[in-house]
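Q: Predicted model and sequence follow; I will ask about them next.
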Amino acid sequence: MISQNALRHAEKCRFCFMCRHLCPIQLQTGKEVNTPRAKGLLLSMVNKGAAEFDKDMAQTMYECLICDACVNDCATGYQPPLYIREARTEAVVNDLAPQAVMQLIENVDATGNIYGVQKPSFAQEGSDVLVYIGEVAACKVPQMAEGLLKVLAKAGVSAKVLDNEPASGVMLADLMGYVDEVAQQAKACAAAINATGIKTVVVLDSYDAEIMKQRYAQWGAEINAEIITATAYVAKLIEDGKLAAKAACGTLGACHDDDRLARTFYEFAPIRAIAKAAGYQLTEMFNKERLAKSCGSAVALAYMPNIVTKVAAGRWDDLARTEATAMLTASPEAYLCLSQATPEGKQVVDLYSALAE
Amino acid sequence: MKILVCMKAVPSTGQVQVDGQFRLQRDGAKLQWNIADEAALEAALTLKSAEDTVTVLTMGPAKLEDPLRELLARGADRAILVSDPAFAGADTVATAGTIAKAAEFLGDFDLILCGRRAIDGETGQTPAMVAAALGIPCISNAESVQLQNGAVFVARRLESGTVLLSVPCPVCVSMCEYTYTLRLPGIMGMRRAKSKTVELLDSAALGLSPQSCGLKGSLTKVISMDSKFPGLRNGPKETDLNAGTDALLAMLQEVVK
Amino acid sequence: MISDICVLCPYGLDAGLLTKAVALANGAPVRAFVPKVEADTAATFGATYVHALTNVPRDENSLVTWLKEKISQYGCRIVLAPASIQLRNLMPMLAWELQSGLTADCTDLTEKDGSILQTRPAFGNSLVATIKTLSAVQMATVRPGTFPALPCPCDNAQVTEEIIAAPDGRITVIATETGMEAAPLNHARVIIAGGAGIGSREGFEKLEAIAKKLGGAVAASRNAVDAGFAPYRYQVGMTGVTVAPKLYIAVGISGAVQHLAGMSGSEKIIAINTDPKAPIFDYADYGIVADWETVSNKLLEELS
């Protein structure tokens, strides 16, 4: 049952073609159903009884990164992720979601993350800030988590990390929409954070930061602390002179603005400040800041590795149009995806580790 | 334990249309559940144990069937739509009479939860009238509600402070809007709701004559309605900080004294 | 011609309402139900019959049956009460028992051919309805503070002492907390409301500090609440609380229609915003085009 609100967004589409040119999945697969407007049209047809919401349609609804590029650019102000998330809910409720997605949901049920493994612990005691590591960094990009903790230690920040850090709910939200099961995870996570009494939470993964900042309060899962992205926090430490800039390393790099920093927080300067402090000389890709092309998300990579690897390659193509040899990122999700398609002679750089060294 | 939650669908935008008889036009308007009623439903779902049932009831047009089904997905056990063209234009007495009849028809409820007022009419009268019609007490303006040994414990917000009360069931309680945040529908709830239907009750089912409900059964009549919104005041705009602050202080002094 | 008017103030006299009732009655008797300590005051504001109540139960449910009998006994045709939280709960129960029409939270009452025409705002002040009662008894609750209180001594006021029979015992008051952190929004005389422009929770703390100095309350626009700067209970507007204080200070609020709906009934509105084109200025009695924080700091300084 797609809500009236979501349907309104689906039916607002004027078929202007613009989203075809920026949907990272459509750009790589070339499939017409992989445009946001096609997904809207499909749901609109279902609503009018002209099409059936079947397994194929459900599959289509999962071929989207929820990167918000279409929202950012849509001239009529419509928001495809709104109905795409609801369509995913519909798919799960009716057992129509792809098998790979159902497996990931089962994994989240069992372990809190899509990988079905116990989340490695980065627990440490501290009192200034609480660092929220997140599932992706903990399970797949541990060096970035360690890098961030080292950077904070270097700056004299006493950082606490929870033992048994609860999931933020963002993985489940991408898999099955904003449903009560997600809100329950959010409440448990907010309760664990609030129990520490620490007033600043530094969030490593911008996907976690997004759900905490934008969704938690409306679900009754308020966090009684300031939520700040790790990039913004570290950039402030640099600005305040608590972290010394490193000597130039002689490498030319370009910063990748990840989906959430680019289009939820509109946060662009901090990552560049970190890159400079880490010794990189900077250039820019053509698609930057709000228009930055997505390189994929960890959740999408897990259920459609082939497509997301192509998407990541698409982002490397953007870098190839510059003189840069290094793709610079502070996002564990972006790091994971970009690593799937690193071209010969190029490197993806985890900025926290680079700054910590 | 049987809990009844009374819900009202209200227009969710500032654009309000009235018809020739000064009835709010709900047909074209975008509707949402009244937020205080959502708090009442969340309170009910929080109180509910495995053997309890939560019934949601609304009075309104047939198009509320889907929004009611969504409440089933959020955890309500039964959903009732009290709907009949004869119910249109009801004032609070006629509305309360119809809802009380429906409550009697559905069986004995131990607890009736409502929102303290709706954001459209803002009368806040219906809960107390329903309670009076059913012969049970009504506690208004509740901030929290708990159950213990068949009695309801209510924290009630008054102008002077908070009062903690206990009342044996059956009782009607109306909730303040900011107290409980209604949970989202869950996957499990949506699956359960698929097999449920929204039950319809019309005037015939409730044995209500056309004279006793709707506009005809109302004891008040709107004789005129003006749109007075919003009043332009076009006051002066001060750009000098000091002058502005001084004027502000003077106005404050007048009021605060 | 109005036969008589009954004013119910069992929890405290609303002298403004009594004044209005006396004016409406235009010589017909006015009956006031007030706590015993206020019996003399009721007479100075023009009540013809004063029912001096003792043993008033703390919960109004217990008063319904007693009042119904009194109203029937005296054959009252018009029953008015202040729209306090307790009486807005009591009056509907009484109206049901008497099978009378009841209008909530009126902001004006006028007499026409023996009927009382009741004016009330609805939908966040966006509509103002005039309502007539069709039943034999006409009832209304009236927004406190709507009418000025003017002494009009009634020389031959009759005072009857009434001891209210023991309550029905269903409701037990366990505890009362009078020490409130802040005045509830809809009763504050001064409200200082912040919008998205405040930018942070810390910003709202500054507004709290000012409100505290003024004995007022803090409110917020929906954008500020959605952004997490203030809790939902602060929200004024279409989907929040409706307020009508003496003075409403809108700080960093642009003035969305939904917000205006919740506060446009305020007596005086002051807007503080950096954007001189913000719509809020059109709906304000006085505007200050300046950075809210600078104004707030200056205000705090002046107030301490």
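A: Thanks, I have it.

Q: residue boundaries of the helices in the stretch 101-250 of chain C?
A: Ranges of helices within the stretch 101-250 of chain C are C:201-214, C:222-226, based on DSSP state H, counting those that start in this stretch.

Q: The last one - what's its average pLDDT?
A: Averaged across helix C:222-226, the pLDDT comes to 84.

Q: if we can go back for a sec, just give me the lowest mean pLDDT stretch among the helices of the stretch 101-250 of chain C.
A: Among those, helix C:222-226 scores lowest, with a mean of 84.

Q: is stretch A:176-194 anywhere near chain C?
A: No. Legend: contact between stretch A:176-194 and chain C by Cβ under 8 Å from any Cβ of the partner chain is lacking; minimum distance shown is 11.9 Å. C-beta coordinates here come from the backbone N, C-alpha and C atoms, glycine included.

Q: for residue 4, what are its contacts?
A: Using chain A here. B:K30, B:D66 (Cβ atoms under 8 Å, 6 or more residues apart in numbering or on different chains).

Q: wrong one, chain C
A: Counted by Cβ under 8 Å, 6+ apart, C:D4 has contacts C:A25, C:A28, C:P29, C:V30, C:R31, C:Y74, C:G75, C:C76, C:R77, C:I78.

Q: for the strand ranked longest in chain B, which positions count as buried?
A: Ranked by residue count and defined by DSSP state E, the top strand of chain B is strand B:138-148. For strand B:138-148, a neighbour-count test (16 or more other Cβ atoms under 10 Å in any protein chain shown) marks B:C138, B:I139, B:S140, B:N141, B:A142, B:E143, B:S144, B:V145, B:L147 as buried.

Q: Surely the second one touches B:A155?
A: No. Applying Cβ atoms under 8 Å as the test, B:I139 and B:A155 come out as separate, 9.8 Å apart.

Q: Could you pick out the residues of the stretch 1-150 of chain A near chain B for me?
A: Counting by Cβ under 8 Å from any Cβ, the stretch 1-150 of chain A sits next to chain B at A:M1, A:S3, A:Q4, A:T89, A:V92, A:V93.

Q: so what pLDDT did the fifth one get?
A: Going back to what we said before, that points to A:V92. pLDDT recorded at A:V92 is 97.

Q: likewise B:S212?
A: pLDDT recorded at B:S212 is 91.

Q: Find the nearest non-adjacent residue to residue 94, please.
A: The chain I'm using is chain A. Distances taken as Cβ to Cβ, 6 or more residues apart in numbering or on different chains place A:F53 nearest to A:N94, at 7.3 Å, with adjacent residues excluded.

Q: sorry, should have said chain B
A: Among residues not flanking B:A94 along the chain, B:G217 sits closest, at 4.0 Å (Cβ to Cβ, 6+ apart).

Q: does the residue nearest to A:N94 really touch A:V93, like I thought?
A: No. In this structure A:F53 lies outside contact range of A:V93 using Cβ under 8 Å: 10.5 Å.

Q: How about the secondary structure of the closest residue to A:V93 other than its chain neighbours?
A: Once flanking residues are discounted, A:V93 sits nearest to B:M190: 4.4 Å by Cβ to Cβ, 6+ apart. Secondary structure, DSSP: H, G, I helix; E, B strand; the rest coil: B:M190 is helix.

Q: quick one on the thing from earlier: Produce a PyMOL select command limited to the buried residues of the residues of the stretch 1-150 of chain A next to chain B.
A: To isolate the buried members of those in PyMOL, using 16+ other Cβ under 10 Å:
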select buried, chain A and resi 1+3+89+92+93
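
Q: So which of the residues of the stretch 1-150 of chain A next to chain B are in strands?
A: Short answer: the residues of the stretch 1-150 of chain A next to chain B have none in strands (DSSP E).

Q: Can you say which two of the residues of the stretch 1-150 of chain A next to chain B are spatially most distant?
A: A:Q4 and A:V92 (20.4 Å; Cβ to Cβ).

Q: returning to that earlier point: run the contact check for the longest strand of chain B versus chain C.
A: Yes. Against chain C, strand B:138-148 shows contacts by Cβ under 8 Å from any Cβ at B:C138, B:I139, B:S140, B:N141.

Q: Save these as TSV, and put in pLDDT too.
A: Listed next are the residues of strand B:138-148 next to chain C as TSV, based on pLDDT from 0 to 100:
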residue	pLDDT
B:C138	97
B:I139	97
B:S140	96
B:N141	93
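
Q: from the residues you listed, which single one is nearest chain A?
A: In terms of Cβ to the nearest Cβ, no member of the residues of strand B:138-148 next to chain C lies closer to chain A than B:N141, at 20.4 Å.

Q: Surely the closest one touches B:L158?
A: Yes. Using Cβ under 8 Å, B:N141 is in contact with B:L158, at 7.0 Å.

Q: sorry, back to before: reformat the buried residues of strand B:138-148 as JSON lines; add distance to C:D113.
A: Formatted as JSON lines, these follow (distance: Cβ to Cβ, whole Å):
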{"residue": "B:C138", "distance to C:D113": "34"}
{"residue": "B:I139", "distance to C:D113": "39"}
{"residue": "B:S140", "distance to C:D113": "34"}
{"residue": "B:N141", "distance to C:D113": "36"}
{"residue": "B:A142", "distance to C:D113": "41"}
{"residue": "B:E143", "distance to C:D113": "44"}
{"residue": "B:S144", "distance to C:D113": "47"}
{"residue": "B:V145", "distance to C:D113": "45"}
{"residue": "B:L147", "distance to C:D113": "51"}
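
Q: Before I go, just wanted to say thanks for your time.
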